[in-house]
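A.B. asks: next input, structure requested:
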Amino acid sequence: MQDARILIRALREPASVETLSGRQWTELISVARAESLIGSLAHRLEDIAVPERVRAVLQDAIETHELARQQALWEADCAKRALAKYAGKIVLMKGTAYVAADLAAGVGRGIGDLDIMVARADLPDVEAALLDAGWEWVKPDPYDDQYYRNHMHELPPLIHRERDRMIDVHHTILPLTARPRPDAQAILDEAIILDSGLHVMAPADMLLHSIAHLFADGDLAGGLRNLWDINLLVRQFSEEDEEFWMELGMRAKTHGLVDEMERALRLAARLYATPVYKYRAGKTRSGDYLYIRRLLARDGYGRQTRKATRLAFYVRSHWLRMPPMMLARHLWTKWWKAGRSAN
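C.D. replies: Modelled structure (predicted):
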C-alpha cells in the first residue's frame, strides 16, 4: 500500500471493503487507528458483511467510542457545574460539541480533551473557578505560561487532579499571532444554547473553526479525521438549511478564512466526495496536491511516511502562527531551555 487511500475509499464507499483480502483488512484497520478514525469506520461498516475477526475489532471500537462520548458529556457537565456562577456563555468546541449537539460528526468520533470557549475578558474569573474546582496547571514553566497568555488563543492547559482529565479554555479559535484574525465576539454572539444550558457554535462558525484548526493552525497531523469532520458538517448543515452556503461565505469573510474555507471544500470534495457549492470552493490550485500528499502519508502499518513533506508542513505551521522574528526567538528559547533541562 502506497498511502492511506484504502481508508478514504472505505469511508466513502463502505461496500468496497467486501472485496478486501486479510492483509488489506490489517492495513485498513491500522491506518484507521493511526488516524483516530477507527470509531467512524466502525459505524460506517455496521451494515456491511465483514469477517468475524474484523467485526469483533469494529464492535470494540464502537463500544470504546460510546464510552468516550459519555465521558466527554460528563466532563462538559463537570465544567458547567464548576462555572455555575459564571454568567457568560460557555461554548463547547470540537468533538464534545459534536456529540452534545447530536451531530453526525460526533458518531464514532474520538474525543480527547474538553475544549470550551468564553469571552477573553472573563478568563480570570473562569480560570479561578476551575482552579477552585480541582483543576491544576499542566505547564508550570513560567515561559510557557506567559507564552500562552500573551500569544495563544487559549489558557495554558489544565488537568483535574482527581479525574485526570484535561480542559482547554479558549477565548478565540486561532493564536493571536496568526495571520487570520477571527472575530471571537461574533462567534459568541451567534452561539446556540443547548438544553443543558451550554452552548455550541452556530453551524457556519463550527465548520469554520474545524477548517481553521486544520488549515490555518497546524501541520495537518490527524488531518484525515479533521477533514472527515468537515465533510460530515458540510453534508448535514447544507441539507438542513438552504441558506447555509450564503451564511458560510459571509462568516468566512468575517473571520478572514476565505482561502482556508475554499481549500477545505476542495480537498473534502476530492477525498470524501463531499457535495460542495462550487462557487464557495473556488478553482483547483496547484498546491492542493501537496496537501493531499501530506494527508495521505501513511503506510500499511499506520506509520507516518513522506518525512520531507511532513517536515515542510511542520515548518509551515510555525510560520503561520507567528512573525519570523518572533518565531526565531521562540524556537531559540525552547531550544535553550531544553538544553538546560538535559544537563
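A.B. asks: all contacts plus neighbour counts: C-alpha atoms, from now on.
C.D. replies: OK.
A.B. asks: okay, buried residues for stretch 30-45 please.
C.D. replies: Applying a neighbour-count criterion of 16 or more other C-alpha atoms under 10 Å, one finds 30-45 buried in stretch 30-45.
A.B. asks: out of those, which comes closest to Asp113?
C.D. replies: The nearest member of the buried residues of stretch 30-45 to Asp113, counting by C-alpha to C-alpha, is Ser36 at 14.1 Å.
A.B. asks: spit out the contact partners of the closest one.
C.D. replies: When contacts are counted by C-alpha atoms under 8 Å, 6 or more residues apart in numbering, Ser36 touches Arg109, Gly110, Gly222, Arg225.
A.B. asks: show me where the stretch 151-300 of the chain has helices.
C.D. replies: Listed in chain order, the helices of the stretch 151-300 of the chain (DSSP state H, counting those that start in this stretch) span 184-190, 203-215, 223-240, 244-255, 258-272, 278-281, 288-295.
A.B. asks: for Asp60, find the nearest of those helices.
C.D. replies: Taking C-alpha to C-alpha as the criterion, helix 223-240 is the member of the helices of the stretch 151-300 of the chain that comes nearest to Asp60, at 19.1 Å.
A.B. asks: helices or strands up against the closest one?
C.D. replies: Counting contacts by 3 or more C-alpha pairs under 8 Å, 6 or more residues apart in numbering; DSSP states H and E, helix 223-240 packs against helix 203-215, helix 244-255, helix 258-272.
A.B. asks: low-confidence ranges, this structure, go.
C.D. replies: Scanning the chain for pLDDT under 70 picks out 1, 139, 143, 322-343.
A.B. asks: redo that, cut-off 80
C.D. replies: For the chain, applying pLDDT under 80 flags the ranges 1-2, 139-148, 150-151, 217-218, 278-279, 282-284, 317-343.
A.B. asks: could you measure from the closest residue to Phe215 other than its chain neighbours over to Leu208?
C.D. replies: Spatial nearest neighbour of Phe215, chain neighbours left out: Glu260 (6.0 Å); criterion: C-alpha to C-alpha, 6 or more residues apart in numbering. Spatial separation of Glu260 from Leu208 under the definition C-alpha to C-alpha, to the nearest Å is 9 Å.
A.B. asks: tell me which element Val99 falls in.
C.D. replies: Here Val99, judged by DSSP states H and E, is contained in helix 94-100.
A.B. asks: grab the CA positions of the next helix or strand after that helix and hand them over as PDB.
C.D. replies: Tracing the chain past helix 94-100, the next element assigned as helix or strand by DSSP H and E is strand 114-117. Extracted in PDB, the C-alpha atoms of strand 114-117 (Å, rounded to 0.1, in the frame of the first residue of the first chain):
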ATOM      1  CA  LEU A 114     -12.600  19.100  26.800                       C
ATOM      2  CA  ASP A 115     -12.400  22.400  24.800                       C
ATOM      3  CA  ILE A 116     -14.500  25.400  25.700                       C
ATOM      4  CA  MET A 117     -14.600  29.000  24.600                       C
END
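A.B. asks: any buried residues in strand 114-117, and which?
C.D. replies: In strand 114-117, counting by 16+ other C-alpha under 10 Å, buried: Leu114, Asp115, Ile116, Met117.
A.B. asks: over to stretch 98-107?
C.D. replies: Under the neighbour-count criterion of 16+ other C-alpha under 10 Å, stretch 98-107 has Tyr98, Val99, Ala100, Ala101, Ala105, Gly106, Val107 buried.
A.B. asks: returning to that earlier point: and among the helices of the stretch 151-300 of the chain, the most buried is which?
C.D. replies: Each of these was given a mean neighbour count from mean count of other C-alpha atoms under 10 Å, and the largest, a mean of 22, is that of helix 203-215.
A.B. asks: what angle sits between that helix and helix 288-295?
C.D. replies: Using axes from the mean of the first three to the mean of the last three C-alpha atoms, to 10 degrees, one finds that helix 203-215 and helix 288-295 are set 80 degrees apart in direction.
A.B. asks: switch to numbering from 35
C.D. replies: All right, first residue 35 from here; so that's helix 237-249.
A.B. asks: off-centre distance for helix 237-249?
C.D. replies: How far helix 237-249 lies from its chain's middle: 9 Å, per C-alpha atoms, centre = their mean, to the nearest Å.
A.B. asks: elements contacting it?
C.D. replies: Using 3+ C-alpha pairs under 8 Å, 6+ apart, the elements in contact with helix 237-249 are helix 257-274, helix 278-289, helix 292-306.
A.B. asks: distance to Val84 for those - can I get that in JSON lines?
C.D. replies: As requested, these are arranged in JSON lines below (distance: least, C-alpha to C-alpha, whole Å):
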{"stretch": "helix 257-274", "distance to Val84": "22"}
{"stretch": "helix 278-289", "distance to Val84": "37"}
{"stretch": "helix 292-306", "distance to Val84": "22"}
